[in-house]
Structures are given as C-alpha cells and as structure tokens.
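**Student:** Structural data only, the sequence is not supplied:
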C-alpha cells in the first residue's frame, strides 16, 4: 500500500472536477468515477430566522433555499441520494437552538457521505465579495473544503468578482460537527456587496454556483475509494 499525501489527493480530486467541466460537465465525471452516495443539503436559516438581509430586502434564508433546491435537483439527476434539512421557507423550530438540534438529527439519521450547508455572507467592508468555504476545526472536512474552494475560486470568483485568492477556513461550526463525515459551509456570496447581491438574486448565478458545487460533490463521492490508497 502506498499512501498519498494530502496535496496529492487535493490535486487528484480537483483534476477530476476540471476534467468534468472542460469535457462537457459532470457526466464526464460519472463516466469515470462511481458517483454514488448520500449527501445532506442544509439551507441555512428559515422561518423567523431569516439570516442576513440585503439592500433589496431579500433574506438570506430565501436565497439559501433557492440554491439548495437547484443543487439538490442537479445531484439527484446524477444518482446521488439527497436529504434536505428543510424544503420550504419554514425553520424546523421557532427556537434557534432547537432548530439546529433538529437539523442535527436529520443529518445523523441520513448517515451521509458528505454534508453541504448553503449560506450567504455579510461583511462590514462593502467591497468584499466572492464565495467562501468553511469547515469544522476538527479537520474532518478540510480536503472537501479545500477542493470546493479551489473550484469556486476558479469557476465562480475569478469569473464574477475577478479574485481567486480565498482559502478554505476552519472554524467552530455546529452544523459541520453533526457527524464525523466531511462537512462544509459554502457562503455563496456577500449580500453586503451590491454586485454580489444582484448576482445572488438571479437564476443564472444560482444555477452556475449550484453546478460547480455539484461537480465537486460528485468528484468527492467518486474518489472516496481511489484517493484513500494506491496499490
């Protein structure tokens, strides 16, 4: 058995993503990698907890859910079993703590291979923009987050905001600690930035970022065996 370094694994998975995108989309990944597995999609916030609100009055929870629905449909079309923490505008409970606990139960019961929580960012500097990826400080989701951030830098941030220098960040995050499986939070843009907010309200951008996230998810699912060891 020959163990592969973390940098090599990142390169392998990211190469699979790039090949998929340049060769006609995720179907190319499916043709070479066994894209199977279960993914939990979490649309952040909901109900009375709308999250952050942009200048145009649209709540984060609404944007999160719209992107999750698109992402879920793309994954299901590729044979991935998708479990949602919420499917409508409602939260799982009116009390935030109980809402988060309910999400945790759904994630635990799903026994997923991967968890993706969709959010929208906000920052005091209105010039800050782009998609960012976060993972739990235990490091379980570091590979997943690193590959996701690299893909979003290349295909979203460079294209829309002309920056591609974000690095996946670790933090003490409840939703990424529900199960000991790779879990990430994807902040799909800064609602505090007028240009990002305008993009987040369009179907085209939502579809684009959902497609890029789906590419990485499928590449990760397809490479969970081949990147663990090389014989």
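**Tutor:** Nice, I can see it. Quick caveat, the model's predicted, so the values are computed rather than measured. Residues are numbered from 1 along each chain as shown.
**Student:** Sort out which residues of stretch 107-123 are buried, please.
**Tutor:** 107, 110, 112-122 (16 or more other C-beta atoms under 10 Å). No exception for glycine: its C-beta is placed from N, CA and C like everyone else's.
**Student:** measure residue 79 to residue 102 for me?
**Tutor:** 28 Å (C-beta to C-beta, to the nearest Å).
**Student:** out of the two, which sits in the busier spot?
**Tutor:** Taking other C-beta atoms under 10 Å, residue 79 and residue 102 do not tie; residue 102 has more neighbours (16 against 13).
**Student:** Without its sequence neighbours, what residue ends up closest to that one?
**Tutor:** residue 92 (3.8 Å; C-beta to C-beta, 6 or more residues apart in numbering).
**Student:** in its sheet, what does the helix or strand containing residue 82 sit against?
**Tutor:** If you go by DSSP states H and E, residue 82 is part of strand 81-84. Strand 81-84 has its sheet partners listed here by DSSP bridges as strand 38-43 (parallel).
**Student:** who touches the partner strand?
**Tutor:** If you take C-beta atoms under 8 Å, 6 or more residues apart in numbering as the criterion, strand 38-43 is touched by 61, 64-65, 67-68, 71-72, 75, 80-86, 103, 106-107, 110-118, 175, 217, 221.
**Student:** Which of the residues you listed fall in strands?
**Tutor:** Taking DSSP state E, the ones among the contacts of strand 38-43 that sit in strands are 81, 82, 83, 84, 114, 115, 116, 117, 118.
**Student:** any chance of the residues you listed in a markdown table, plus distance to residue 166?
**Tutor:** Below are the ones in strands among the contacts of strand 38-43 laid out as a markdown table (distance: C-beta to C-beta, whole Å):
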| residue | distance to residue 166 |
| --- | --- |
| 81 | 30 |
| 82 | 26 |
| 83 | 28 |
| 84 | 27 |
| 114 | 20 |
| 115 | 20 |
| 116 | 17 |
| 117 | 17 |
| 118 | 17 |
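**Student:** Let me know the closest of these to residue 149.
**Tutor:** Relative to residue 149, the closest of the ones in strands among the contacts of strand 38-43 is residue 116; by C-beta to C-beta it sits at 12.9 Å.
**Student:** Specify the beta-bridge partners of that closest one.
**Tutor:** Counting by DSSP bridges, the residues bridging with residue 116 are residue 41, residue 184.
**Student:** How much space separates it from residue 56?
**Tutor:** 26 Å.
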